[in-house]
Structures are given as structure tokens and as C-alpha cells.
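>>> here's my sequence, what's the structure:
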Amino acid sequence: GPQSQYYSISTREIFELKAELNSDKKEKKKEAVKKVIASMTVGKDVSALFPDVVNCMQTDNLELKKLVYLYLMNYAKSQPDMAIMAVNTFVKDCEDPNPLIRALAVRTMGCIRVDKITEYLCEPLRKCLKDEDPYVRKTAAVCVAKLHDINAQLVEDQGFLDTLKDLISDSNPMVVANAVAALSEIAESHPSSNLLDLNPQSINKLLTALNECTEWGQIFILDCLANYMPKDDREAQSICERVTPRLSHANSAVVLSAVKVLMKFMEMLSKDLDYYGTLLKKLAPPLVTLLSAEPELQYVALRNINLIVQKRPEILKHEMKVFFVKYNDPIYVKLEKLDIMIRLASQANIAQVLAELKEYATEVDVDFVRKAVRAIGRCAIKVEQSAERCVSTLLDLIQTKVNYVVQEAIVVIKDIFRKYPNKYESVIATLCENLDSLDEPEARAAMIWIVGEYAERIDNADELLESFLEGFHDESTQVQLQLLTAIVKLFLKKPTETQELVQQVLSLATQDSDNPDLRDRGYIYWRLLSTDPVAAKEVVLAEKPLISEETDLIEPTLLDELICYIGTLASVYHKPPSAFVEGSRGVVHKSLPPRTGMSPWVLGHPEQGECSGDGHLGPPVSGPPLAASSVQMGAVDLLGGGLDSLMGGSGFAAPGPAAPAAMGAPLGSGLGDLFDLTGGVGTLSGSYCSVWVGSISMDLVLTNKALQVMSDFAIQFNRNSFGLAPAAPLQVHAPLAPNQSVEISLPLNTVGSVMKMDPLNNLQVAVKNNIDVFYFSTLYPLHILFVEDGKMERQMFLATWKDIPNENEAQFQIKDCSLNADAVSSKLQGSNIFTIAKRNVEGQDMLYQSLKLTNGIWVLAELRIQPSNPSFTLSLKCRAPEVSQYVYQAYDAILKN
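A predicted model of the protein is given here:
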């Protein structure tokens, strides 16, 4: 097509360019290099000219040199052997008298990602890091981070990291900022390394540099300050004082980074300090100013303000007016503003807010109007004094007869009834007039709930509910469930006249329905009513708890973590980085410093307690127990719809990059033959093998017992306690013939969905192939989840042991073990159980040990070994005590294996 000639380059053109590049005339050379770069920019392949372009490097013309370097960066990767030719020129350029050329050479060196060349670059880089010109030093600092990305070991061996640390105390603010940026970048990929080892002296240097560097430099320094933990409130206050002037910066990113530092360190200031009040006052104006920017920036600012208002509403409590919606705001800004208005609503400003909301409810944008009507209801629930006005406002809106307004109003009035029972029921008559216009499931369900709940006050309640029954099977599940309950309530309140109605709904819900939720509820009511009507009354008409006001608040530990990410994507998504960053093994959970007057430990280290954010064990729900012997094929879908993707044969996407394949012997003989399917369709057996490189895998043996060839294998895990999930698709390379077996090692990761199982280490697996889906469940040994950084510091260990309540301590006996203390210690260390201290008390050895699970839960152990006694005593303490028994099983298995 016409495009292709544009992207390929003819031999003639190459030939002409070659001749021009080798011309003696400087101008001609320069023009030729420009043509080459122009071709390269539009995507033509000019790599054939590599040697000719590289020959032009030796020039003192800065413009020409820049072009040659640009070419070099682009093609060095595809032509590594030729790129080595350029090394000498780099080395020379790094000693050029012109600092711009020295910096250019260093910058280009960092962009050439070719292993062979990197070692040649160390010497020039070392010189440039100590160059007398700050421009060269700041460029070299960033180059170290780029080099670290290509070859981390090399950078560490060459001592560049120490040089970078020295640059933090450089006299030039830009060099300091770039050194901080480079170190932060490296530290992010190596969370355990203590690179940015900040102390009051280095913090002082950073704060001095803060006033004089460029805006991006300021952001790097502020982000680095936010990770620092001041030793006491005095230091926190002095840092805040020096960061506050950044709030008036023109760049909104600088402002947000400064807000983040102040929000973090405010945790450490006591609220009685005068300074605390001053700081609150200073934080409001910059946030308000952000709202006068263009809409996209306003949106980011509003998402951040939403977090700040949840954490410290007092900052913006007098600024309600700026969150009022302007007619020309885009919808996404309007909806965010509405959200914040409700969060700031209080008795003092509720009149203003309601007047605004009432106006919004007459706008043209449907989504916005709906949200405004909901907001009126939320105000009623939040500020009790305003409830009456809110209800009358909602009634006025219902009188407008605008369909979607009426429906939203009914949904929120239902919640107002639940918050203030026996107060506003007089409006029910008005609601009933609008019954026929309701067509949305949520509004229909709300109306049915109201009729059922207040059946004794509505004369024609039975007729109203009967009108819904006619199209029972066309209703959505939500409506069917509400209708069933409402009719049962009505029957219990007026048994004589509604006998037929209740029988009709019970048979519709049970015999004529195939929805399991509906049938279950129907049968429960049926049995209750037929066996014990008095009990039925107590169950169905019980007193209901009042609903709470703010239902959409972010959970406190997650909120604290998000405050640490103000000004980043996490604060816009309202999710921690681990939830949306690919391969987020390196993401460290951040948390706010401990509040004043608290023991410093509990909040300071989220990874110590129940891991903040998404790491903790979910609510205690357990999946259906599976008998390992006979499982009805295909009849039970354990994965709750999760297998649809498999059944559809749409291929199985593997989450994240594949972990390295397994090494080492399978552990635990009890997991030998997990499973033999009835009917002889196929057997699966598996064992786990824990790998010391920090990856986990599962070894499976698949045997075909069917009479036909099996192919198209895929695997899926049900949600489980630690989020175990396959890290790659199930690789069965050739179809499996009858009676043939294949052994597979499946790499696993722990980024799947979490649901607490019973037992905790239960894993339900589904393997699908062209014949059927096979389910089995297996118990995995917990030690495959012990991570490498599970060694706790001694001081921390003592503090933690004291801090975990005594009722969380569990004791176990490990019988028939003849190893001595040192052998025990080294054997356990092989499975990432670390000995922190060893004491000898009255002839018995005490080992104090720690380990950490993949979801951040720490387990502390005391192992007591008596020389003459083959039984050891193991005491375990953990904030999630349900883990202890499985940790004990792991200890037992490791020591006896």
C-alpha cells in the first residue's frame, strides 16, 4: 500500500546518504545526519548506516553531536557489536572541556541498554559523578539509576550508590534533587535495601535545597521527605514549618506533594498545639486554589480533597462554597464536588447545601440529577436536624412527576425510614400514588419494602402487592426477593385476609423458580410459617438496627495508606498501588506515623499487624466443603461464575509475568494421590514444592483414564485464604492419550482474590479440558508462603511479643525429633523461618524465631529444646491466631522431612 514505501528505504537512498555522511564538508555531513534522523523519526530503518553515522561523532559541533547521539540510542540495542565502536568517543567526550558535551555523553550512556557496553561506562560515569560542573553531576546522578535498571549488581559493586548518597549533601540544589530522585527510584525496586537512610542532618540539607531547585526537583525532595519518620513532634513541626511555603507554589504537583508531607507529619502533632491550628488554616487556601485550574486538574484535586476531607474534615469545613457546582463544570467534576459537599455537610451549613441540592435536582443531566436526589437523602441521614426539611424537599421533587427523580427519591426515603422509624410515615400515601410509574428494579424493590414494612398502616397493602405479583417471573431477583418478604410480613400482620396471597407467592418462589436464592428464602419462610408461626413472627418482624450515616467511607487503614500517596495515581483511583501496578511485588505498604501518645509500634509498621489495605484475611466465609473422593462432575460450580471464562474456551489469560519454574523435591507425602475421579474419567494428583528462590509452584500429575484424547487444558483456583493463583497458563504441550500421564510444574503467585477458607490452607482447584471440568481440593503446607524478608529485628521482636495479647498465644508439641538446636535452626532457616536469638536457660535451649507470610502477617515463635527429651515445645504468637495451627504443622513437616 501507499504506507509501506513510506516506511521502507531504498538502497539508492542509503547509498546517497552513505556518500554524504563520509563527505569532507562539515555542512554536508550535518545535513546528511539530519536526513538520517528524519528518516529514523518516521520509522524508516536506517540501521545500515550505523558505522558511517558513528564516524561523525568526533566533532566539536554540539548540534551534530546531539543528533549522532540520538541515532546511537535508537540503534545500539539492535547493533550491540557496532555500538562498542562508539565507546571510545564516550570516554573522550566525558573529559571534554565543554560541560554540556560531558553531560550529553553521560546522558546518552545511560540510555544505551546494552550489557556488553555497560562495564565500559563505569569509569567515565565515576568521573562525571565527581565533575566540578553541577550540570554534569546532576546528569550523572540520573544515569546511575538508569544503569541500576540495566545491571543492578554492577552498580552496587562499583560503589556508585555510596557516591549517590554523598551527592545528597552536594552544594548545588539541583544535584541534590536528582540524587534524591535516583535513590528513590532505585529504592522503589529494592524495598528491603536501606538506601535513603535519612537522618536529621541529611533532612536539613534536603530542606535547604528545597527552596532553590526546579519544580520537579522540589517534588522529588518532598516525596522523599514524606517517607521520613521524624524522631519526635518537635522535629515533625520544624519540617512542617519549612515545607509550608511550598503550598503557595504555582505548580499543582508541588502543592499536592507538600500537602502529602504535612498530612503525614500532622499525625505526630498534638491537637492542643497552637501550631496545629495554624497548619489547618494554612492547608485550606492552596486546596481551594487548585479548584480554579482546568477541569482535568480540578478532578485530580477533588479526588485528593475527598481523601483529605475523610481524614481531617476540619481543614475545609468553612470552604463549602467552592464545592458548589458551576453550570459549565464537566459531569465528572460535578459528581466529585457533590460527594465532597455531603462529606462537609453539618448543622452549620445544611441550609445552604439543601438549597443547592434542590436546584441541582432540576438540572438536565440525568446522572447528576440522580446523584443530587441521593445526596439530599444522605444529608437527612447525616444531619438529624435537617431530616424534616430533606423529606419535604424530596416530596416536592416527587410532585414534579419526573420519572427518574421520583424513583431516586423513593430509594432514599426508604433509607430515611430505616434511620428514623415512626417519624415520617405520613408520606407513605404520596409514595403509593406513584406506584405505576416505577420501572427500575431498585425503586420497585424500595417501594415494595415500604409497603411490606408498614403494611398495617396501608389499607390496600394486599392489592398493591398483588399488582406486582402478576409479572413475578419478569421481575429482577432483587424485586422478587423483596416481594416475597413483603408478602410474608403482610401475612403475619393480617393473617385472615392474605392467606391466598402468601400461598401464591410461596409457590411462585419455590416450585416455579430456578433462582437458588429465591427458592431458599421461599422454603425457609414456608417451613417457618407451617411449623411455628410465633417464631416466624419473631424472625420476620424483628426490630431492625438503624442504618449508619456514612456508608461509603474508605476503610481507615486503607485511607491512611492512600494519604501517603496523595498526588499520585493511587489517590485518583482510591486504591493502593498494589491493586493496579503490574508485578507489584516491590510495592511497599506505606502507613502514617504513629499518633502522639500511642505506643509507636502499632501504627508505624503496617506489615507487622494485619497488613493494611488489601492484605488481611477477608471476612470469615468458607466455601462448600469438598469430599475428595467423589465429586459430581460438572454439577457444582465452586468458582461462582469464575469458570465461565474457561467454559467459553476464550483462552485463559495468565495474571502477571510467569514466576520461575519450580526446583526442589515435592514436600509432604500426604499430598501424594489427591484424587481419583469416580467413573474413571481422569486422575489428578499433585504436590507442592517450595522453592527457595522466592517463588512458589505446584507439581501436578495428570493421568488420562478416559477412552479419548484429552486436550485444551486450563486451570483455575477458587478464591482462597492467601490469594494463591496460577502465575501462568497450564502448559500441557501435546494432547494426552488414554492411560498416558504428564507431570507439570505450575508457577503460582499470591495476587489472586482472597476469601478465608476452612481449613485455612484449603485450595479448591478446577482443571478444564475438552471433555469436562474436574474439581478437586487440596491442602497446601503453609511454609510455601513464608517470605525471605521474615527476619524481625531483636528490639522489634521484643516489643511485638509484648504487644500481641496473651490470649493469642498457642502452644504445641513437636514429638520424636532428635535434632539439636543448631541443626533445627539451620533446617528452619531453609524454609524462611529465622532465628533471631538463642538462649540457654537451665540446660534447655530456647530459640526465638520470626516468619512472615506473603500477605504481611508476622508470626513470632519460641521453640524450647531439652537435650534429653525428643519432644520440643513450640509457642506461637500472631495477630491472626487462626494461622498458628498451620504454622505448627509446617514446623513439624520441615523438622521431620
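>>> quick one: low-confidence residue ranges for the stretch 351-500 of the chain.
The stretch 351-500 of the chain contains no residues with pLDDT under 70.
>>> all helices for it, in order.
366-382, 387-399, 403-419, 428-433, 441-453, 461-469, 477-493, 499-510 (DSSP state H, counting those that start in this stretch).
>>> out of the ones you listed, flag the one nearest Q708.
Nearest to Q708, of all the helices of the stretch 351-500 of the chain, is helix 477-493, at 39.3 Å by C-beta to C-beta. Where you see a C-beta, it was placed from the backbone N, CA and C, and this is true even at glycine.
>>> which parts of the closest one are buried?
Within helix 477-493, the residues that qualify as buried are 479-493, counting by 16 or more other C-beta atoms under 10 Å.
>>> on that earlier part again, out of the helices of the stretch 351-500 of the chain, nearest to D560?
The nearest among the helices of the stretch 351-500 of the chain, by C-beta to C-beta, is helix 366-382 at 22.8 Å.
>>> starting at the chain centroid, how far to that closest one?
29 Å (C-alpha atoms, centre = their mean, to the nearest Å).
>>> can you check stretch 385-396 too?
Here stretch 385-396 shows a centroid-to-chain-centroid distance of 39 Å under the convention C-alpha atoms, centre = their mean.
>>> contacts for it?
By C-beta atoms under 8 Å, 6 or more residues apart in numbering, the list of residues contacting stretch 385-396 from outside reads 347, 350-351, 354, 357-358, 373, 376-377, 379-381, 409, 412-413, 416, 419-420, 423-424, 427, 430.
>>> and what of stretch 71-82?
Contact with stretch 71-82 is made by 33, 36-37, 40, 46-47, 50-51, 53-54, 57, 83, 86, 108, 111-117, as judged by C-beta under 8 Å, 6+ apart.
>>> please redo it, this time with the cut-off set to 6 Å
With contact meaning C-beta atoms under 6 Å, 6 or more residues apart in numbering, stretch 71-82 is reached by M40, S47, F50, V53, A83, A86, T108, C111, I112, V114, K116.
>>> quick one: buried residues of that stretch?
Neighbour-count burial for stretch 71-82 flags Y71, L72, M73, N74, Y75, A76, Q79 (criterion: 16+ other C-beta under 10 Å).
>>> straight-line length of it, end to end?
13 Å (C-alpha to C-alpha, to the nearest Å).
>>> buried subset of the contacts of stretch 71-82?
Among the contacts of stretch 71-82, those buried by neighbour count (16+ other C-beta under 10 Å) are M40, F50, V53, A83, A86, T108, I112, V114.
>>> how far away is the closest residue to the last one other than its chain neighbours from I112?
This points to V114. Nearest residue to V114 in three dimensions, chain neighbours excluded: P80, at 4.6 Å (C-beta to C-beta, 6 or more residues apart in numbering). Using C-beta to C-beta, to the nearest Å, P80 is found at 9 Å from I112.
>>> any chance of the buried residues of stretch 71-82 in a markdown table, with pLDDT too?
A markdown table is the format used below for the buried residues of stretch 71-82 (pLDDT from 0 to 100):
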| residue | pLDDT |
| --- | --- |
| Y71 | 86 |
| L72 | 84 |
| M73 | 83 |
| N74 | 83 |
| Y75 | 82 |
| A76 | 78 |
| Q79 | 75 |
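>>> what is the neighbour count of R418?
Applying other C-beta atoms under 10 Å, we find 15 residues neighbouring R418.
>>> which helix or strand contains the nearest residue in space to it that is not next to it in sequence?
Once flanking residues are discounted, R418 sits nearest to I547: 4.8 Å by C-beta to C-beta, 6+ apart. Element membership of I547, judged by DSSP states H and E, is empty: it is in no helix or strand.
>>> closest to the centroid, which residue in the chain?
Nearest to the geometric centre of the chain sits A579, at 2.1 Å (C-alpha atoms, centre = their mean).
>>> tell me, what's the model's pLDDT at R879?
Predicted confidence (pLDDT) at R879: the value is 88.
>>> cool, and V588?
Looking at V588, its pLDDT is 66.
>>> just I219 next, same as before
As summarised for this prediction, I219 has a pLDDT of 92.
>>> one more: V325?
At V325, pLDDT is 91.
>>> surely it meets K334?
Yes. Using C-beta atoms under 6 Å, V325 is in contact with K334, at 4.9 Å.
>>> how close does A181 get to G217?
In this view, A181 and G217 are 8 Å apart by C-beta to C-beta.
>>> let me fix that: N194
Distance of N194 to G217, given as C-beta to C-beta: 23 Å.
>>> the two: who's more crowded?
Using other C-beta under 10 Å as the criterion, N194 and G217 rank with G217 on top: 22 against 9.
>>> the closest residue to the more buried one other than its chain neighbours: helix or strand, and which one exactly?
Closest residue to G217 apart from its sequence neighbours, by C-beta to C-beta, 6+ apart: A177 at 3.0 Å. If you go by DSSP H and E, A177 is part of helix 173-189.
>>> the following helix or strand past that helix versus helix 173-189: what angle between them?
As assigned by DSSP H and E, the chain's next helix or strand after helix 173-189 is helix 200-210. Calculated by axes from the mean of the first three to the mean of the last three C-alpha atoms, to 10 degrees, helix 200-210 forms an angle of 120 degrees with helix 173-189.
>>> what angle sits between the helix or strand just after helix 200-210 and helix 173-189?
Using DSSP H and E, the helix or strand that follows helix 200-210 in sequence is helix 215-226. Note on geometry: by the same axes, to 10 degrees, helix 215-226 and helix 173-189 are set 50 degrees apart in direction.
>>> does anything pack onto the helix or strand just after helix 215-226? Which helices or strands?
Counting by DSSP H and E, the next helix or strand C-terminal to helix 215-226 is helix 233-243. Packed against helix 233-243 by the contact rule (3 or more C-beta pairs under 6 Å, 6 or more residues apart in numbering; DSSP states H and E) you find helix 252-266.
>>> what angle sits between the helix it packs on and helix 215-226?
Helix 252-266 runs at 20 degrees relative to helix 215-226, counting by the same axes, to 10 degrees.
>>> centre of the chain to the helix or strand that helix 252-266 is followed by, how far?
Reading on from helix 252-266 to the C-terminus, the next helix or strand found by DSSP H and E is helix 274-290. Relative to its parent chain, helix 274-290 has a centroid offset of 30 Å by C-alpha atoms, centre = their mean.
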